[in-house]
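Colleague: missing the sequence, but the structure's below:
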């Protein structure tokens, strides 16, 4: 069975994802689609709109056959680490191909870019260092250096997040000696940074989330009916979606009860940022206000959000093993009948253990996922709803959809 | 100027307190009344109904001239440590006498009791150890041992919290070689454990708080009009009073984000109670439910509440110096004109520094008070109200009442 791998967050699953999935499946002639999906906290350092279980249901009803969780220690990280974790999971699960979305849809320009960066390594490093010294953030320094060195000669635009991820996926495949073949599909009418709906049926996840939170615009036309139904169900079950502002009191509480020394034990809290965090949390009424107060040229919004996520989940430097290049387990969040058959047939060849039940697997890394699951529950203000979500992390078997 | 010392919590200040204050003042012919008052968290391990600033106003309007804060490291402790801190502050502030409330109002029975315990020390210790082995809590073992040894021969009843405190005050005075003279006044019509109002104008603080939270009964007749006005003002300003249930989500959050090892760093978390705390917080919908789940014969409700308070305020074993027998500063919460004159005249003779502004004094011990002040703010659900209270800890000068 030919397996296609996808790397996703599905926050939430929408028509653009559906388009990508169907097109990719046809492109590589896949019999099975395996998605590795961020759990409750996402790469940009944000809580997902709704839990990984609901997002898994959306994925399965949208055409994915198997969903594995990208562990917290990879998911809430910069693109390079995120890609390492995701690729290692798809590779371990026997995927033959990976198809990612990009602005150009041209895989050759990605290959060309990787080669070009490799050939101009010293020049590129020099330019990065020069830019860092001006006080800008690391991603900004990368992007500036890249523009200086590459000068846009048919190379991909590395100021677009999806393109950066694409490059990192390809480099992770190379580094891990994986045989996964890479494809890319042009993203359809959805500019990641565009906050307005841009076509009749496809809109970015960002604009869909904005519409959901503003409760003004309708989203039905931009998501499959299954997604729309699950969004409604979530509200009925849990009373609200998850948003950083819901977590603000807890983040503020934790920062204000913690000494600077203790805060520095948290992953990515360094260079004295702990003092800025404490000072800002003394005077901020909201997460937005807090973020604006701690934002500097040197720290991207995304990096700061990830720091906040690590504080919320109490993820320590000693726990987040940054040298870990590959995942160590496949946490199964859900599968279709088709997915189950694939697993039954193939799992003996898998390079990593499948974790279907938390009780049967112990590791330092999965402890972080479990804790993140519990902390995610605090985005719900209702005590009953929160309790239900806390317990789901332990009691929920993988979602099974029998089409 | 002859100064009378009182050791209080005023949660809230009521007619019983007023009666005690006036009677004591006349009894010792005092010109000035100095109260040492628990801050935002109380000896029973509970958040005070309203902030120390409002309780200070109540005290000053009720006849106290000077209010000093009993530091967190003494206030949220068993009777012995609580008494050590309180006596050291009254002694340092030049009090010539102390008057505490008791069931009997007979100081001789207290003196007799202390002597009797001293004379029967070995027998008493043996009885304590014997009782501890049966698995009961330490206070229970003390009380049982005392009953066995003393056999009620004209001694005070040590199953009553106020009597225990009285004994501890007197022992602290002896230990600290203080020249404070002790008096006691019979508590009027207010049985500490009685939840029902028991007379026309005097009721226990417990029953008043119960009435406030149930919003059914009227409390006007049991408190001075000044207290009643301040209670109303508090609701207008902050939206709610403080109750353990308001802190439950934060306590649950903190326990669930923390490893057993890290929890054991918290003061009084020992003997494996950390595992009980974690297990219970996974399944409890409220503080009440949580407490019922962690309650054992060995741990009193009060001790467990104090543990919860220390977790909430993140007070570590290394911070709570248990060998500290005396306070190291006098944090001035408020004064009347009369109090100010006393301070101006007497402070050069004080054995400890007066802290009027946080900015001008640094110590490890006062850091705990500051943190407790911030954490107390999280009992308010409104972001604005919470922020106002967080900042008050730093911006509030001592309350001054010019009668």
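Modeller: Arrived safely. Not measured: the values here are computed from a predicted model. Residues are numbered from 1 along each chain as shown, chains lettered A, B, ... in the order given.
Colleague: now residue A:316, nearest residue through space, not along the chain?
Modeller: Sequence neighbours aside, residue A:265 is the residue nearest to residue A:316 in space, at 5.1 Å (criterion: CB to CB, 6 or more residues apart in numbering or on different chains). The way it works is simple: take the backbone N, C-alpha and C, and place the C-beta from them, glycine included.
Colleague: got the contact list for the one you found?
Modeller: A:316, A:317, A:318 (CB atoms under 8 Å, 6 or more residues apart in numbering or on different chains).
Colleague: for residue A:8, grab phi and psi.
Modeller: Dihedral pair for residue A:8: phi -140, psi 170, per degrees, to the nearest 10.
Colleague: quick check, pLDDT for it.
Modeller: Predicted confidence (pLDDT) for residue A:8: 98.
Colleague: what's in contact with stretch A:252-263?
Modeller: With contact meaning CB under 8 Å, 6+ apart, stretch A:252-263 is reached by A:269, A:274-275, A:277-278, A:281-282, A:284, A:290, A:311-312, A:314, B:250, B:253-254, B:257, B:312-314, B:371, B:374-375, B:378, B:390.
Colleague: mind running it again at 6 Å?
Modeller: Residues outside stretch A:252-263 that contact it (CB atoms under 6 Å, 6 or more residues apart in numbering or on different chains) are A:269, A:274, A:275, A:277, A:278, A:281, A:311, B:250, B:314, B:374, B:375, B:378.
Colleague: distance check, residue A:281 against chain B.
Modeller: Residue A:281 is 9 Å from chain B, where distance means CB to the nearest CB, to the nearest Å.
Colleague: now do the same for that residue: helix, strand or coil?
Modeller: Assigned state for residue A:281: helix (three-state reduction, DSSP: H, G, I helix; E, B strand; the rest coil).
Colleague: what helix or strand is the residue nearest to it when sequence neighbours are not counted on?
Modeller: Once flanking residues are discounted, residue A:281 sits nearest to residue A:255: 4.3 Å by CB to CB, 6+ apart. For residue A:255, the host element (DSSP states H and E) is helix A:244-256.
Colleague: quick one: mean pLDDT for that helix?
Modeller: 97.
Colleague: who's in contact with residue A:341?
Modeller: If you count contacts by CB under 6 Å, 6+ apart, residue A:341 has none.
Colleague: that one: helix or strand, and which one exactly?
Modeller: Taking DSSP H and E as the definition, one finds residue A:341 inside helix A:337-346.
Colleague: give me the buried positions along that helix.
Modeller: By 16 or more other CB atoms under 10 Å in any protein chain shown, the buried positions in helix A:337-346 come out as A:338, A:339, A:340, A:342, A:343.
Colleague: same question for stretch A:284-304.
Modeller: A:284, A:287, A:290, A:291, A:294, A:298, A:299, A:300, A:302, A:303, A:304.
Colleague: which of the residues you listed sits closest to chain B?
Modeller: residue A:284 (7.8 Å; CB to the nearest CB).
Colleague: report pLDDT for the closest one.
Modeller: 95.
Colleague: my read: it touches residue A:290, true?
Modeller: Yes - in this structure residue A:284 lies within contact range of residue A:290 using CB atoms under 6 Å: 3.8 Å.
Colleague: poorly predicted segments of chain A, please.
Modeller: A:151-154, A:189-199, A:216-217, A:321-322, A:403 (pLDDT under 70).
Colleague: what does it put close to chain B?
Modeller: Selection of chain A residues close to chain B by CB under 6 Å from any CB of the partner chain yields A:250, A:253, A:256, A:257, A:285, A:314, A:374, A:375, A:378, A:383, A:387.
Colleague: the stretch 51-200 of chain A: strands as residue ranges?
Modeller: Remark: strands assigned in the stretch 51-200 of chain A by DSSP state E, counting those that start in this stretch are A:66-70, A:97-102, A:181-186.
Colleague: single out the most deeply packed of these.
Modeller: Of all those, strand A:66-70 carries the top mean neighbour count, a mean of 28, counting by mean count of other CB atoms under 10 Å in any protein chain shown.
Colleague: ok, the nearest residue in space to residue A:187 that is not next to it in sequence - contacts?
Modeller: Spatial nearest neighbour of residue A:187, excluding adjacent residues (CB to CB, 6+ apart): residue A:101 at 4.4 Å. Contacts for residue A:101 (CB under 6 Å, 6+ apart) come out as A:20, A:162, A:185, A:187.
Colleague: contacts only, for the second one.
Modeller: Shown here is residue A:162, whose contacts under the criterion CB under 6 Å, 6+ apart are A:101, A:102.
Colleague: returning to what we had before: specify which member of the contacts of residue A:101 is nearest to chain B.
Modeller: For the contacts of residue A:101, the nearest to chain B is residue A:162 (32.2 Å; CB to the nearest CB).
Colleague: any idea how far the residue in the stretch 51-200 of chain A positioned nearest to chain B is from residue A:85?
Modeller: Closest approach of the stretch 51-200 of chain A to chain B (CB to the nearest CB) occurs at residue A:72, with a separation of 12.8 Å. Remark: distance between residue A:72 and residue A:85 (CB to CB, to the nearest Å) = 10 Å.
Colleague: the two: which has the busier surroundings?
Modeller: The neighbour count for residue A:72 versus residue A:85, taken as other CB atoms under 10 Å in any protein chain shown, is higher for residue A:72 (29 against 26).
Colleague: now the more buried one: how far from residue A:335?
Modeller: 21 Å.
Colleague: so which helix or strand takes in the residue lying closest to residue A:383 once chain neighbours are set aside?
Modeller: Counting by CB to CB, 6+ apart, residue A:383 lies nearest to residue B:285, which is 5.1 Å off, once chain neighbours are set aside. Secondary structure from DSSP H and E places residue B:285 outside every helix and strand.
Colleague: helix/strand/coil for the residue nearest to residue A:238 when sequence neighbours are not counted?
Modeller: Spatial nearest neighbour of residue A:238, excluding adjacent residues (CB to CB, 6+ apart): residue A:385 at 4.4 Å. What three-state DSSP gives for residue A:385 is helix.
Colleague: quick check: the farthest pair among the buried residues of helix A:337-346?
Modeller: By the measure CB to CB, A:338 and A:343 form the most distant pair in those, at 9.9 Å.
Colleague: ranges for the helices of the stretch 151-300 of chain A?
Modeller: A:161-175, A:205-214, A:225-238, A:244-256, A:260-263, A:273-283, A:287-294 (DSSP state H, counting those that start in this stretch).
Colleague: and the third one, what does it pack against?
Modeller: In this case it means helix A:225-238. When contacts are defined as 3 or more CB pairs under 6 Å, 6 or more residues apart in numbering or on different chains; DSSP states H and E, helix A:225-238 sits against helix A:52-61.
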